[in-house]
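Trainee: Just need the structure, nothing else, for what follows:
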Amino acid sequence: MEGSVARMGFHGRTLALDAARAYAARVLERFGTSPANAAITADALVRAEADGLGTHGLTRLPSYGAMAAAGKIDGHAVPKMRRVAPSVLAVDAGNGFAYPALALGLPELAAIARESGIALMAVRRSSHFGVAGQPVEALAREGLVGLAFSNASASIAPWGGKRAVFGTNPIAFATPLKGRAPAVVDLSVARVARGNILAAVQRGEDTIPEGWAFDAQGNPTTDAKAGLAGTMVPMGDAKGTALAFVIEVMAAALTASTFSFDAPSFFDGEGPPAAVGHVIIAIDPGAMAGDAYLDHLERLARAIESEPGARLPGARRLVNRARAAQEGVTLSAGVQRALAQMGFEDLAE
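Mentor: Numbers count the residues shown, from 1 in each chain. Below is the predicted model:
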């Protein structure tokens, strides 16, 4: 196989969005994911790629494939949901991918929010959350304010410590805007996404920029592999780890899910299912501000945009999204090579 891979001479390929979705779905099915789950997951990965968030896009195919093949993610899981309180929806992802569970629960979450003014969805026995901005943006497109929390396998030490306790733990927020796409805030508590280091390793790069990571001894490092084996630098230093604590409570404690320091890696097939948690909150702004919400918020949006060089959160994604719709996305040589080494040799011609 190694000789065959070497002869294939991989290079980056540009794929139209539909072709990229089909390719990603083929990969996932090849490694043990049902067609329905593969289609939902592939769509989320391609949307991430189109938005310029490549660390959560096609780069994830080798690790997702490895986890599905090993049973670390149950690619055939069928999520289940139940309403456990008037404004609380519980979703069991069945140790499968997060995306089918989110797709199942979001419409019901939105309906409950319109009924009650606010609703919370707690997802258990899940895996990698993907782009946290995607589910809250979907809520905002329905006229709701969305807030999301998720934990991840440990990669950040408490400030002053050396051992990883927190994950990069994303938090996301979205709000509708008047007559245009929602504003979306999507943050990781790491200074940069850990996927940036994974991508560097996949590309065969030895170094990463200063300020991204610590090695296993807690020393700053620019060595890509040492950084992947060590911990990430939190944004805002101690403030970043304080925010990580809040997200850990919201995502893992409230859902009785695996804490980050007990969760296995999202980058390989080793270990048990991650069984992490996610919490998504939907708020109907009309319940408090009435029809004035969008007009009132527009004043804030205009105040931001009137500043030279300033933009609303999420604006860059929209530019990238429009470009990708016309030009497609890139399937990197590194991803193709990694998949070929796993036995998947579809060149996406």
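Trainee: what's the one helix or strand residue 120 maps to packed up against?
Mentor: Using DSSP states H and E, residue 120 falls within strand 118-126. Strand 118-126 is packed against strand 88-92, helix 98-116, strand 276-283, with contacts defined by 3 or more Cβ pairs under 8 Å, 6 or more residues apart in numbering; DSSP states H and E. In short, each C-beta sits where N, CA and C put it, glycine included.
Trainee: center of this structure, which residue is that?
Mentor: By Cα atoms, centre = their mean, the chain has its centre lying nearest to residue 130, at 1.8 Å.
Trainee: thought that residue was touching residue 46?
Mentor: No - using Cβ atoms under 8 Å, residue 130 is not in contact with residue 46; the gap is 11.4 Å.
Trainee: Could I get the buried residue list for the strand holding residue 120?
Mentor: If you call a residue buried by 16 or more other Cβ atoms under 10 Å, then strand 118-126 has these buried ones: 119, 120, 121, 122, 123, 124, 125, 126.
Trainee: Now render the residues you listed as TSV, adding pLDDT and distance to residue 307.
Mentor: Output for the buried residues of strand 118-126, formatted as TSV (pLDDT from 0 to 100; distance: Cβ to Cβ, whole Å):
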residue	pLDDT	distance to residue 307
119	98	35
120	98	35
121	98	35
122	98	38
123	98	37
124	98	42
125	98	44
126	98	39
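Trainee: Pull the most distant pair out of these.
Mentor: Based on Cβ to Cβ, the longest span within the buried residues of strand 118-126 runs between 119 and 125 and measures 20.6 Å.
Trainee: between the helices and strands packed on strand 118-126, which gets nearest to residue 248?
Mentor: Each of those has some distance to residue 248 by Cβ to Cβ; the shortest is strand 276-283, at 9.6 Å.
Trainee: following the closest one, which helix or strand comes up?
Mentor: Downstream of strand 276-283 (by DSSP H and E), the next one is helix 286-289.
Trainee: For residue 12, give its distance to residue 335.
Mentor: 9 Å (Cβ to Cβ, to the nearest Å).
Trainee: okay, these two: which has more neighbours?
Mentor: Between residue 12 and residue 335, residue 335 has the larger neighbour count (other Cβ atoms under 10 Å), namely 25 against 11.
Trainee: For the helix or strand hosting that one, buried residues please.
Mentor: For residue 335, the host element (DSSP H and E) is helix 333-341. Within helix 333-341, the residues scored as buried using 16+ other Cβ under 10 Å are 333, 334, 335, 336, 337, 338, 339, 340.
Trainee: what do you get for stretch 91-108?
Mentor: Applying 16+ other Cβ under 10 Å to stretch 91-108 flags 91-106, 108 as buried.
Trainee: which residues are in contact with that stretch?
Mentor: If you take Cβ atoms under 8 Å, 6 or more residues apart in numbering as the criterion, stretch 91-108 is touched by 33, 36-37, 40-41, 43-44, 64, 73-81, 83, 89, 121-130, 134-135, 138-139, 273, 275, 278, 280.
Trainee: could you flag which of these are buried?
Mentor: For the contacts of stretch 91-108, buried by 16+ other Cβ under 10 Å: 33, 37, 40-41, 43-44, 64, 73-75, 77, 79, 81, 89, 121-130, 134-135, 138-139, 273, 275, 278, 280.
Trainee: before we move on, the earlier item: output the helix holding residue 335 in CSV with nothing but the alpha carbons.
Mentor: Extracted in CSV, the C-alpha atoms of helix 333-341 (Å, rounded to 0.1, in the frame of the first residue of the first chain):
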residue,chain,number,x,y,z
ALA,A,333,-3.3,16.4,-1.2
GLY,A,334,-2.7,15.7,2.5
VAL,A,335,-6.3,14.6,3.1
GLN,A,336,-6.2,12.3,0.0
ARG,A,337,-2.9,10.8,1.0
ALA,A,338,-4.1,10.1,4.6
LEU,A,339,-7.3,8.5,3.2
ALA,A,340,-5.3,6.4,0.7
GLN,A,341,-3.1,5.1,3.5
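Trainee: elements contacting it?
Mentor: Here helix 333-341 touches helix 2-8, helix 61-70, helix 194-202, going by 3+ Cβ pairs under 8 Å, 6+ apart.
Trainee: among those, which is the most enclosed?
Mentor: Greatest average neighbour count among these goes to helix 61-70 (a mean of 24), per mean count of other Cβ atoms under 10 Å.
Trainee: okay, and for the stretch 1-150 of the chain, where does confidence drop off?
Mentor: 1-9 (pLDDT under 70).
Trainee: run the last query once more with 50
Mentor: Low-confidence segments of the stretch 1-150 of the chain, defined by pLDDT under 50: 1-7.
Trainee: Can you show me the strands along the stretch 201-349 of the chain?
Mentor: For the stretch 201-349 of the chain, the strands defined by DSSP state E, counting those that start in this stretch occupy 213-214, 220-221, 231-232, 276-283, 329-331.
Trainee: Residue 68: which of these is closest?
Mentor: Residue 68 sits nearest to strand 276-283 of all the strands of the stretch 201-349 of the chain, at 16.3 Å, using Cβ to Cβ.
Trainee: tell me what that closest one is packed against?
Mentor: With contacts defined as 3+ Cβ pairs under 8 Å, 6+ apart, the packing partners of strand 276-283 are helix 98-116, strand 118-126, helix 133-141, strand 145-150.
Trainee: Residue 47: what's it in contact with?
Mentor: Residue 47 makes contact with 131, 134 under the criterion Cβ under 8 Å, 6+ apart.
Trainee: do residue 338 as well
Mentor: By Cβ under 8 Å, 6+ apart, the neighbours of residue 338 are 62, 202.
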